[in-house]
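Novice: would you be able to build a 3D model of this:
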Amino acid sequence: MSTMETAGVSPRHSASRPNQPSLPAIPLITGLRPMIAYAAVRVVGLVMLAVFAHRAGKSVLGLLTAWDGNWYIGLAQHGYDTSVSYDAGGLVNTNIAFLPLFPWLIKAVSVVGVPADGAAVIVASLAGLAAAWAIGLIGTQLYDRRVGLLLAVLWGALPHAVVQSMAYTESLFTALAAWALWALLRRRYILAGALTTLAGLTRPTAVALIAAVVLACLVVIVRQVRAGGWRRAWAYGGWRPWVGAVLSPLGLAGFLVWCAVALHRADAYFWMQDKGWGSSVDLGRMTVHEFGVTLTQERPLALAVTSLVLVLAVLLCAVLAVDVWRGRAVQAVPVLVYSGVLLLTVLVQGGDYYYAKGRFLVPAFGLLLPVATALAGARAHVRDAVLGLVVLISGWYGAYLTIIWYLSP
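Specialist: Residues are numbered from 1 along each chain as shown. Below you'll find the predicted structure:
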């Protein structure tokens, strides 16, 4: 059996392979324990934030809805700007740089009388639970239940995990990506494509998920055609990966087209990101420069931690790739593609947001698989001590990012 086939990208039904082995049955309820453990981790983080916020005289809700949260809440209340303006400083930022699904959900929750800021935190928190559920299922599918549990806990204890409880899109995007990858592993190609469409309306880094889903579907299509020709490839449910591949890019592509129409220029979204928000693609020049400065000069804690996170992410991606190549995690190919492309998009991004690269990597939960598998094989007291330490550090650092650090997390 080939690597890509065992990765969950083989056809669900095939006339040419009637004896294809079925996937092991893993009930959805299996993901509830990781979700509950994740919730406990986030409660610890939020309690620590509340204690530090009280001492600093700050509102927890205000901290959780600051920075980008204000933009998303404004979008939910007032809609998109459909024109640009200039002042003495140049181009005035518009909210067109923020994608629409998260504001739509905030508005939907607000309809029942919940204030917009509270609705934003509710949506983000529920999305975090949904993400942890799917992450637990993926870890269980790829390895076992212990790895699934540890993977969800580790994701909830990332250095920048506080944003999973903030009015940011990381939780929602991770939930959509994780469930799409779960659907892909279960050969539910249409569901994977539909969830990827929604992810494309959440964050531009959906390109990573689109790459994983389209590649998986194309591998299935090519195998079907080679096995039985075009007509037989379409029969017996063989049309599903075709539909999944077509659905995947529609959300992001549709939003980019809408931006172009709204601002009357073909590159509207990228132009606003560059000229208005100082974010562009420079093939990694800024990342290398800032990392070098971190190694040679005294820098704030947030920048040092960001540099450490980037190094660890690259190393973990390499370890996961080796595990897949050597057959120790062959089913993880779609997760590797998604996480690897997401890491690449973060590394090549230039502009003014080096300090936020750690937050941008929060959805790359697949990079935690080598850590989860290592902890799963460790002695219980070692595992518990490590998890307890990282949970406390994550809670403390989340308080630092929201209370002391002077820019967005």
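
Novice: in the stretch 201-350 of the chain, which spans are strands?
Specialist: Along the stretch 201-350 of the chain, counting by DSSP state E, counting those that start in this stretch, strands occupy 279-281, 349-351.

Novice: of those strands, which stretch is the most buried?
Specialist: Of the strands of the stretch 201-350 of the chain, the one with the most neighbours on average (mean count of other CB atoms under 10 Å) is strand 349-351, at a mean of 19. The way it works is simple: take the backbone N, C-alpha and C, and place the C-beta from them, glycine included.

Novice: what's the burial count for the closest residue to Leu151 other than its chain neighbours?
Specialist: Ranked by CB to CB, 6 or more residues apart in numbering and with sequence neighbours excluded, the top spatial neighbour of Leu151 is Gly139, at 3.7 Å. Under the neighbour criterion other CB atoms under 10 Å, Gly139 is assigned a count of 32.

Novice: Gly139: which element?
Specialist: Gly139 belongs to helix 116-142 when assigned by DSSP states H and E.

Novice: show me the contact partners of the very next helix or strand once past that helix.
Specialist: Downstream of helix 116-142, the next assigned helix or strand under DSSP H and E is helix 145-156. Helix 145-156 is contacted by residues 30-31, 33-35, 37-39, 41-42, 45, 128, 131-133, 135-141, 161, 164, 174, 365, 368-369, 371-373, 375-376, 383, 387, 390-391, 394 when judged by CB atoms under 8 Å, 6 or more residues apart in numbering.

Novice: can you check stretch 323-339 too?
Specialist: Applying CB under 8 Å, 6+ apart, the external contacts of stretch 323-339 come out as 3-4, 6-9, 138, 141-143, 177, 181, 184-185, 208-209, 211-213, 215-216, 317, 320-321, 364-367, 369-370.

Novice: and the residues you listed, which of them are buried?
Specialist: Buried residues within these, counting neighbours by 16 or more other CB atoms under 10 Å: 4, 6-9, 138, 141-143, 177, 181, 184-185, 208-209, 211-213, 215-216, 317, 320-321, 364-367, 369-370.

Novice: thinking again about what came up before, would you turn the strands of the stretch 201-350 of the chain into CSV with mean pLDDT and distance to Asp267?
Specialist: Below are these laid out as CSV (pLDDT from 0 to 100; distance: least, CB to CB, whole Å):
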stretch, mean pLDDT, distance to Asp267
strand 279-281, 92, 11
strand 349-351, 92, 16
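
Novice: count the residues that sit near His289.
Specialist: By other CB under 10 Å, 13 other residues sit near His289.

Novice: ignore the last one, Asp144
Specialist: Asp144: 12 surrounding residues under other CB under 10 Å.

Novice: pretty sure it sits against Ala376.
Specialist: Yes - in this structure, Asp144 is within contact of Ala376 by CB atoms under 8 Å, at 7.4 Å.

Novice: still on that earlier bit, starting at the chain centroid, how far to the helix holding Gly139?
Specialist: Relative to its parent chain, helix 116-142 has a centroid offset of 11 Å by CA atoms, centre = their mean, to the nearest Å.

Novice: ok and it relative to helix 145-156, angle-wise?
Specialist: 150 degrees (axes from the mean of the first three to the mean of the last three CA atoms, to 10 degrees).

Novice: where does the protein dip in pLDDT?
Specialist: Residues of the chain that meet the criterion pLDDT under 70 lie in 1-23, 87-89, 232-233, 235-237.

Novice: swap in 50 and give it another go.
Specialist: Scanning the chain for pLDDT under 50 picks out 1-21.

Novice: quick one: residues contacting Tyr355.
Specialist: Tyr355 touches Ala302, Leu303, Thr306, Trp405, Leu407, Ser408, counting by CB under 8 Å, 6+ apart.

Novice: could you redo the last one with a cut-off of 10 Å?
Specialist: Taking CB atoms under 10 Å, 6 or more residues apart in numbering as the criterion, Tyr355 is in contact with 290, 299-300, 302-303, 305-307, 401, 405-409.

Novice: out of those, which are buried?
Specialist: Glu290, Arg299, Ala302, Leu303, Val305, Thr306, Ser307, Leu401, Trp405, Ser408, Pro409.

Novice: closest to Thr94 among those residues?
Specialist: Comparing those against Thr94 with CB to CB places Ser408 closest, at 17.6 Å.

Novice: what sits against that closest one?
Specialist: 66-69, 163, 166, 168, 302, 353, 355-356, 359, 401-402.

Novice: mind putting those into TSV with distance to Gln224 and secondary structure?
Specialist: Below are the contacts of Ser408 laid out as TSV (distance: CB to CB, whole Å; DSSP: H, G, I helix; E, B strand; the rest coil):
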residue	distance to Gln224	secondary structure
Ala66	50	coil
Trp67	47	coil
Asp68	43	helix
Gly69	45	helix
Val163	41	helix
Met166	44	coil
Tyr168	40	coil
Ala302	49	helix
Tyr353	42	coil
Tyr355	46	helix
Ala356	42	helix
Arg359	40	helix
Leu401	48	helix
Thr402	50	helix
